[in-house]
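> Got a predicted structure here, sequence first:
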Amino acid sequence: MKRAFILGLGVDQTNYRSAVQGILDWALRGESRYVCIANVHMVMEAYDDAAFRQIVNAADLVTPDGMPLVWVMRLQGLRQQERVYGPALTQFVLEAADREGIPVGFYGSTPQTLEKLKRNVQERYPSLKIAYLYAPPFRPLTPEEDEEVVRAINDSGTRILFVGLGCPKQERWMAAHKGRVHRPFLRYFRAKSML
């Protein structure tokens, strides 16, 4: 897979089909991986913060969510690059998880939003197993709380974890939990079509 660099942030040449297949393969093999969905905001956060840039560049997959990123990638020679829009990728991954019988989980947001998301996802994908939901408090977790969260995720049977904490918090969380959470995880979007 080729990676273009935009102001120092690496973005992978990919499309929906290959991104979904990669995530499914990691889930089926039980590999701890993380996926970042890059847009202009993320590029600028990474430009301003070298530590954050390193976190994103260490991701197993970085998809181009925004068209400006796609245009720069095309200018760098990746002429066939298309936009991999975060809300659409989320839905394609959920669709594939439903089809393959892969349990998913959601981490982030508020309890009310998660419940609404759960209802709507189950309405759209009735046989999809949602094995984990957690809305963390709006403060840093203590080490003990964090350890309990990791244990709960791993014990839940979740094979793909969607993380929705907002950029750059969610990317930092994913990087800090790679290897501790035993499944792949990626940022998710509260797309209007799912709420």
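Arrived safely.
> what bits of the protein have low per-residue confidence?
Along the chain, segments meeting pLDDT under 70 span 186-195.
> Quick one: the strands in it, in order.
Taking DSSP state E, the strands of the chain run over residues 3-6, 9-12, 34-38, 61-64, 104-108, 130-134, 160-164, 185-187.
> Quick check: which of those strands is nearest to A46?
strand 9-12 (4.2 Å; Cβ to Cβ). In this view, the C-beta of every residue, glycine as well, is placed from N, C-alpha and C.
> What is the closest one packed up against?
If you count contacts as 3 or more Cβ pairs under 8 Å, 6 or more residues apart in numbering; DSSP states H and E, strand 9-12 packs onto strand 3-6, helix 40-48, helix 50-57, strand 61-64.
> That one pairs with which strands, parallel or anti?
strand 3-6 (antiparallel) (DSSP bridges).
> Name the residues that touch the strand it pairs with?
Contact with strand 3-6 is made by 10-13, 43, 62, 69, 72-73, 76, 78, 81, as judged by Cβ atoms under 8 Å, 6 or more residues apart in numbering.
> Same check on stretch 56-67?
3, 8-12, 14, 19, 22-23, 26, 33-40, 42, 46, 70, 73, 81, 83-86, 89, 171, 174-175, 184.
> Emit the PyMOL select command for whichever of those are buried.
Those of the contacts of stretch 56-67 that count as buried under 16 or more other Cβ atoms under 10 Å are selected in PyMOL with:
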select buried, resi 3+9+10+11+12+14+19+22+23+26+33+34+35+36+37+38+39+42+46+70+73+81+83+84+85+86+89+171+174+175+184
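> Deepest-packed of the helices and strands packed on strand 9-12, please.
Neighbour counts (mean count of other Cβ atoms under 10 Å) averaged over each of these peak at strand 61-64, with a mean of 25.
> Just checking: what are the partner strands of that one?
Using DSSP bridges, the strands paired with strand 61-64 are strand 34-38 (parallel).
> that older thread, can you lay out the helices and strands packed on strand 9-12 as CSV showing distance to L161?
Converted to CSV, the helices and strands packed on strand 9-12 look like this (distance: least, Cβ to Cβ, whole Å):
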stretch, distance to L161
strand 3-6, 24
helix 40-48, 19
helix 50-57, 17
strand 61-64, 15
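> so which of those comes closest to G166?
Judging the helices and strands packed on strand 9-12 by Cβ to Cβ, what sits closest to G166 is helix 40-48, at 10.1 Å.
> If you compare the directions of that closest one and strand 34-38, what angle comes out?
100 degrees (axes from the mean of the first three to the mean of the last three Cα atoms, to 10 degrees).
> Report all helices and strands that helix 40-48 contacts.
When contacts are defined as 3+ Cβ pairs under 8 Å, 6+ apart, helix 40-48 packs onto strand 9-12, helix 50-57, helix 67-75.
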